[in-house]
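Q: Sharing a model prediction with you, sequence too.
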Amino acid sequence: MAKDFRNFEIEDFAFDETFQNWVLDPDSEYRSFWEQYIASHPRQTDKILAARTLVLELKTQQSISDDHDLADSIWQNIQHRIRPKRRWLLPARPGWQWAASIAFLLGMAAYLGWIYLNRDLTHLPAIARQSTQVELLEEVNRTTGTIKIHLSDGSVVSLGRDSRLTYPREFAADQREVHLSGEAFFEVHKNPSQPFLVFADETVTKVLGTSFRIKAYAGSPKVIVEVRTGRVSVFAKKDFEKELTIPERKGLILTPNQQAIFNRDLSHLDKTLIEVPVILASPVEKISFEFNNTPLDRIFQVLENAYGVEIIYEPEVVEGRSLTVGLEDESLYEKLDVICKTLSLSYQIVDAQIIIENKNPKK
């Protein structure tokens, strides 16, 4: 289905033919699409549920004019629980459009009020379940730079341009959960008893306390999670939700200078090194990259300690080899290029590991 629903409002969903078909026909050919769409776009759940109610009410032509007081009360409750930080300026509209908009809002209020009273929310995405229990805030970065968001636990999020973060005013006692669309750098306050979860489209990143960056723009074919400090676990969202009953689920473990790339077309996670690995802070001494007739295995050991990477090679690759060279200003990959070119070696990166081989292996 080629249509882009990400910016749809309630009325847009309500008047879409595929959406109407799904709502009104239990055996609709669009049922699978819309159920998957709701699961993948949790921030639109409330709008979709409101639009569904509106379609059903328009179909049966039931009047809601006698329920204004009740609907207004429910709407006040919902506004208190789900209160975006954004402010909207409403354009002037003809009278009939205002009447239609009021009907949409009342329809959403009635249905969400029913949800709140019944509390049976196990079938909804996590953000929809959470929205009926705590007050959610939403920050959208429309500037040309980054903006800092301070969360209730002391964590700080640097939100990139054209990005959106949804988070509770106060976190639950058992875990901290936020939802990202776009790019952000997270500095998470460490709390082993309260894991920090970032839902970003088709991925879930779980940490206890660390710093990392997530890139999950809606139009991009990939979701990327890069780790700067600490350790994180990255899951495909569908796998994470399947394993909710397993408390020690591990996911794809990442350490500093590693990244996970989720391919949306293939629904597959891969682990590799980040584009520009950085030297990890050394609490003991400054690391020197000046080598004077230094054995090759010792050089690789220095690189491993400096960048937190694993370098793998067969014993014969380093046997009897040494090097005199200064590599203070080069990046990790430039260092490897110099070493390999000088000693007729080659390297490749596999699963975040650096594999060193002879360029012309003996037969």
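A: Noted; the coordinates are in hand. Numbering: from 1, shown residues only.
Q: shouldn't Phe5 be in contact with Trp34?
A: No: using CB atoms under 8 Å, Phe5 is not in contact with Trp34, being 9.4 Å away. Quick note: C-beta positions are derived from backbone N, CA and C, even for glycine.
Q: More neighbours: which of these two?
A: Neighbours were counted for Phe5 and for Trp34 using other CB atoms under 10 Å; Trp34 has more, 20 against 17.
Q: Check the gap between that one and Ile274 for me.
A: Applying CB to CB, to the nearest Å, the value for Trp34 to Ile274 is 37 Å.
Q: Also Ser288?
A: Note on Ser288: its distance to Ile274, by CB to CB, is 23 Å.
Q: Name the residue in these two with the higher neighbour count.
A: Applying other CB under 10 Å to Ser288 and Ile274 shows that Ile274 carries more neighbours, namely 18 against 11.
Q: residues touching that one, list them.
A: For Ile274, the contact set (CB atoms under 8 Å, 6 or more residues apart in numbering) comprises Glu226, Asn257, Gln258, Gln259.
Q: try it again with 6 Å
A: Shown here is Ile274, whose contacts under the criterion CB atoms under 6 Å, 6 or more residues apart in numbering are Glu226, Asn257, Gln259.
Q: With Phe289 instead?
A: If you count contacts by CB under 6 Å, 6+ apart, Phe289 has them with Leu327, Glu328.
Q: 8 Å instead?
A: Contact criterion CB under 8 Å, 6+ apart gives Val302, Ala306, Gly326, Leu327, Glu328, Glu330, Lys335 as the residues in contact with Phe289.
Q: Now the two most distant members of those residues.
A: The widest separation within those, taken as CB to CB, falls between Ala306 and Gly326 and amounts to 14.7 Å.
Q: Who has more neighbours out of those two?
A: In this comparison of Ala306 against Gly326, neighbours counted by other CB under 10 Å, the higher total goes to Ala306 at 18 against 12.
Q: measure the more buried one to Ser346 for me?
A: Counting by CB to CB, the separation of Ala306 from Ser346 is 21 Å.
Q: do the same with Phe5
A: Phe5 sits 47 Å away from Ser346, taking CB to CB as the criterion.
Q: got it, and Ala352?
A: For Ala352, the distance to Ser346 under the criterion CB to CB works out to 18 Å.
Q: how about the helices of the stretch 201-350 of the chain, start to end?
A: Secondary structure of the stretch 201-350 of the chain, counting by DSSP state H, counting those that start in this stretch: helices at 237-242, 296-307, 315-318, 332-342.
Q: Could you pull up the residues touching the closest residue to Val232 other than its chain neighbours?
A: Leaving aside its sequence neighbours, Val232 sits nearest to Val207 (CB to CB, 6 or more residues apart in numbering; 4.6 Å). Taking CB under 8 Å, 6+ apart as the definition of contact, the neighbours of Val207 are Phe186, Val188, Pro195, Phe196, Val198, Gly230, Arg231, Val232, Ser233.
Q: again, only using 10 Å
A: 155, 176, 186, 188, 190, 195-198, 227, 230-234, 254 (CB atoms under 10 Å, 6 or more residues apart in numbering).
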